[in-house]
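Chemist: test case, fold it:
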Amino acid sequence: MFYSSVSFLVLLCVIGGGHFAQIPDYIKICKRDQTTIASCVRNSIENLRPNLIAGIPELNVPSLEPFYIPEIVAVSGDLIPLKASGKDVKVSGAGNFSIKSISVDLDTLTIRGRVRFPRLHLDGRYNLDTQILILPLRGEGNLVADAVRCDAEILLKSRLVQRDGAEYLDFTSLNVDIAIKDYRIRLDGLFNGNKALGDATNEAINQNRVEFLKTMLPYLEKTVAKIFLDTANKIVAPIPFDELLPKV
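Modeler: Numbering: from 1, shown residues only. Just a heads-up that it's a prediction; the model follows:
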């Protein structure tokens, strides 16, 4: 979710504030000019950083500090047999993002971007049913995690559709590729709170964290992509394309 908020701001800059009768000072309009739109979007996002951190209630954009993930569910039998869910996860540190790259292709209506979060801290609840080597692992309780150098690659595709005599933007797909350099996680409540077994199991989990990450990432990416794609289409549905991206 915290990746999708930054993606949302890319979209917000591209559409140029079409929701407002009077455009707020914090929104920088980007014109339909291929030679300038990428740099305009980058500058707009930097200008919007304080508003992104605080949240933008009038656009239903939540605060990045902290950011809340309601739920993510993972079920897999591939690398590791896994049934896991996280709920009410509070994410801190997302406001320190940096924009590594942005491109907007006006011919294909495609947006690409890469955003980096240097460090993220997560607190929440978990439910877990998995196996480490031959050890069955089940439990539920509190989770705490710290991740470093989290990168999100974003690819948003769209098309123009005719409706009521005007052209409207329709987002057709969103791909999000997430890469995390390293992380550590702590799960409380394993083995009915047995500290010795819990400590040993947490150590085993972190020793196998690469495999756990490979298993979890597709579910995280899918969740982020679906939420943002649905939100983006709701935003642009009532606004004609010529208002979203004014001609030069």
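Chemist: contacts, neighbours, all on C-alpha from now
Modeler: Fine.
Chemist: which residue of the chain sits farthest from its center?
Modeler: Ala196 (35.6 Å; C-alpha atoms, centre = their mean).
Chemist: list the residues that contact that residue.
Modeler: With C-alpha atoms under 8 Å, 6 or more residues apart in numbering as the criterion, no residue contacts Ala196.
Chemist: look up how far Gly189 lies from it.
Modeler: 12 Å (C-alpha to C-alpha, to the nearest Å).
Chemist: which residue is the nearest non-sequential neighbour of Ser98?
Modeler: Nearest residue to Ser98, sequence neighbours excluded (C-alpha to C-alpha, 6 or more residues apart in numbering): Arg116, at 5.2 Å.
Chemist: helix or strand for that neighbour, which one?
Modeler: Element membership for Arg116 (DSSP states H and E) is strand 110-132.
Chemist: what residues sit buried inside that strand?
Modeler: 110-128, 130 (16 or more other C-alpha atoms under 10 Å).
Chemist: doesn't the residue farthest from the centre of the chain fall inside a strand?
Modeler: No - according to DSSP: H, G, I helix; E, B strand; the rest coil, Ala196 belongs to no strand; its state is helix.
Chemist: would you check how far apart it and Leu155 are?
Modeler: Counting by C-alpha to C-alpha, the gap from Ala196 to Leu155 is 45 Å.
Chemist: also Asn43?
Modeler: For Asn43, the distance to Leu155 - C-alpha to C-alpha - is 19 Å.
Chemist: one more: Gly113?
Modeler: 7 Å.
Chemist: could you tell me the angle between the one helix or strand Ile72 maps to and strand 110-132?
Modeler: Secondary structure from DSSP H and E places Ile72 in strand 67-76. Here strand 67-76 runs at an angle of 60 degrees relative to strand 110-132 (axes from the mean of the first three to the mean of the last three C-alpha atoms, to 10 degrees).
Chemist: ok, residues contacting the next helix or strand after strand 67-76?
Modeler: Note on strand 67-76: by DSSP H and E, the next helix or strand toward the C-terminus is strand 82-92. Here strand 82-92 makes contact (C-alpha under 8 Å, 6+ apart) with 2, 64-76, 120-131.
Chemist: what about Gln34, is that helix, strand or coil?
Modeler: Assignment for Gln34 (three-state DSSP): coil.
Chemist: meant to ask about Ile45, not that
Modeler: Going by three-state DSSP: Ile45 is helix.
Chemist: buried sites along stretch 167-181?
Modeler: Result for stretch 167-181 [16+ other C-alpha under 10 Å]: buried residues 168-171, 174-180.
Chemist: other SSEs contacting the helix or strand Lys100 falls within?
Modeler: Per DSSP H and E, Lys100 falls inside strand 98-105. Counting contacts by 3 or more C-alpha pairs under 8 Å, 6 or more residues apart in numbering; DSSP states H and E, strand 98-105 packs against helix 37-54, strand 110-132.
Chemist: of all these, which one is nearest Asp151?
Modeler: strand 110-132 (4.4 Å; C-alpha to C-alpha).
Chemist: could you name the helices and strands sitting against the longest strand that the chain contains?
Modeler: Using DSSP state E, we find that the single longest strand of the chain is strand 135-163. Under the contact criterion of 3+ C-alpha pairs under 8 Å, 6+ apart, strand 135-163 touches strand 110-132, strand 166-187.
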